[in-house]
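Q: Sequence plus the predicted model coming up.
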Amino acid sequence: MSASPDVDIVELRQQVEVLREQLAQAGRLTAVGELTSTITHEFNNLLMSIINYARMGMRHKDEATRDKAFDRILSASNRAAKITNSVLALARNRSNTAEPTDMKQLVEDALLLLEREMRKYRVAVDVELDDVPRGMVNGNQIQQVLVNLLINARQAMPRGGRMIVRLVHDAEAGTVDLVVRDFGCGIPADKLPHIFDSFYTTKSGPDDSGKGGTGLGLSMCRDIIEAHHGRIRVESTVGKGTAFTLKLPVASATAAPAATAPTLTATPNTPTA
Ligand SMILES: Nc1ncnc2c1ncn2[C@@H]1O[C@H](COP(=O)(O)OP(=O)(O)O)[C@@H](O)[C@H]1O
Ligand SMILES: [Mg+2]
């Protein structure tokens with residue numbers, strides 16, 4: 001028998017690997033691109049606040065007013081710095097290593113990026129974060145997943161509403177679980193099997209904040225969660241809402257430090273939970 005079929009398979013595997021990497025890169029850029037408009041608006045607001053308080057400090061020479069002005073300028077600048085750092089981390093992230101991560105902090109950082117947007121679309125976010133053990137995760141990647149789920153949840157409630165973000169410890173399974181629940185349109189049962197497919201979307205294009213319509217969000221979420229050997233589950237009822245649950249491994253007490261942290265590798269084509 002000729003050796004060529006084997007060679008073809010090796011070549012095809014390599015090509016699949018390259019394409020997967022390109023898709024992951026597209027997903028990362030989409031996530032960052034989608035945040036551009038939100039972050040520009042947020043920055044503009046912070047700058048307005050800085051400019052106005054600087055003016056106030058220049059007009060009023062008394063110490064109390066100046067202290068107040070400096071205080072406001074400092075807190076607006078700190079918030080701006082935090083936001084740029086998060087976005088830079090999301091954009092740069094090419095590392096594939098997991099390390100023990102403070103999950104509460106991770107959730108709070110993701111919510112910070114979307115706080116203004118949620119207000120704008122009249123979505124109240126109920127945050128219920130238990131004190132959970134540290135997760136063995138790549139923080140940037142899980143933040144990217146969370147941002148995607150939050151944006152989808154917001155878009156499922158075009159007239160506003162309420163969503164719940166919950167962090168709990170499942171001691172039996174040895175996981176930290178992150179739940180994003182919305183009370184929006186829901187997903188019909190016949191569509192549910194497709195939502196994790198690359199390029200599957202029911203949106204006609206980006207909304208007025210520049211988000212959605214690529215169909216890349218959930219496929220990227222699934223790849224990231226699979227690489228973590230975690231699970232992503234979805235329950236949905238049309239007209240009632242949708243809940244996504246991420247189950248992520250807890251970092252053991254003797255977990256390896258970052259330098260020797262395990263590398264995350266996705267297993268292609270495993271069926272989704
Ligand atoms: N929370 C949700 N509520 C209702 N439908 C959802 C929700 N999350 C995802 N979907 C559905 O899954 C599809 C794919 O989502 P996603 O991969 O993020 O792509 P996109 O947001 O660009 O459409 C969406 O178009 C939508 O139909
Ligand atoms: Mg999306």
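A: Good, I have the coordinates. Ligands and ions are numbered 1, 2, ... in the order given.
Q: Identify the spatial nearest neighbour of whichever residue of the stretch 1-150 of the chain sits closest to ligand 1, chain neighbours not counted.
A: Taking C-beta to the nearest ligand atom as the measure, the point where the stretch 1-150 of the chain comes nearest ligand 1 is residue 148, at 5.8 Å. Where you see a C-beta, it was placed from the backbone N, CA and C, and this is true even at glycine. Excluding its sequence neighbours, the residue lying closest to residue 148 (C-beta to C-beta, 6 or more residues apart in numbering) is residue 217, at 4.2 Å.
Q: sorry, back to before: now do the helix or strand harbouring the residue of the stretch 1-150 of the chain closest to ligand 1, average pLDDT.
A: Residue 148 belongs to helix 139-155 when assigned by DSSP states H and E. Averaged across helix 139-155, the pLDDT comes to 93.
Q: Tell me which helix or strand comes right after that helix.
A: strand 161-170.
Q: how far off strand 161-170 does the next helix or strand after that next one point, in degrees?
A: On the C-terminal side of strand 161-170, the closest following helix or strand by DSSP H and E is strand 175-182. Orientation check (axes from the mean of the first three to the mean of the last three C-alpha atoms, to 10 degrees): strand 175-182 against strand 161-170 gives 170 degrees.
Q: same for the next helix or strand after strand 175-182, what does it pack against?
A: Sequence-wise, the next helix or strand downstream of strand 175-182 (DSSP H and E) is helix 217-227. Here helix 217-227 touches helix 4-59, helix 139-155, strand 231-237, going by 3 or more C-beta pairs under 8 Å, 6 or more residues apart in numbering; DSSP states H and E.
Q: Could you tell me the average pLDDT over helix 217-227, please?
A: 92.
Q: and the closest residue to ligand 2 within the chain, how many residues sit next to it?
A: Going by C-beta to the ion, ligand 2 is nearest to residue 217 of the chain, at 3.0 Å. Applying other C-beta atoms under 10 Å, we find 27 residues neighbouring residue 217.
Q: How about the contacts made by it?
A: Residue 217 makes contacts with 27, 30, 31, 148, 151, 152, as judged by C-beta atoms under 8 Å, 6 or more residues apart in numbering.
Q: just residue 110 next, same as before
A: If you count contacts by C-beta under 8 Å, 6+ apart, residue 110 has them with 143, 146, 147, 150.
Q: residue of the protein with the smallest distance to ligand 1?
A: residue 217 (2.6 Å).
Q: shaky segments in the stretch 151-273 of the chain?
A: Within the stretch 151-273 of the chain, the stretches with pLDDT under 70 are 253-261, 266-273.
Q: wait, doesn't residue 76 sit right on residue 49?
A: Yes - using C-beta atoms under 8 Å, residue 76 makes contact with residue 49 at a distance of 4.6 Å.
Q: And for the residue lying closest to residue 240 once chain neighbours are set aside, the neighbour number?
A: Closest residue to residue 240 apart from its sequence neighbours, by C-beta to C-beta, 6+ apart: residue 186 at 5.6 Å. By other C-beta under 10 Å, 18 other residues sit near residue 186.
Q: Residue 186 contacts residue 238, correct?
A: Yes - counting by C-beta under 8 Å, residue 186 touches residue 238, with 4.0 Å between them.
Q: now the closest residue to residue 167 other than its chain neighbours: how far from residue 152?
A: In space, and not counting its chain neighbours, residue 167 is closest to residue 129: 4.4 Å by C-beta to C-beta, 6+ apart. Using C-beta to C-beta, to the nearest Å, we find residue 129 at a distance of 20 Å from residue 152.
Q: and these two? which has more neighbours close in?
A: It is residue 152, of residue 129 and residue 152, that has more neighbours when counted by other C-beta under 10 Å, with 21 against 16.
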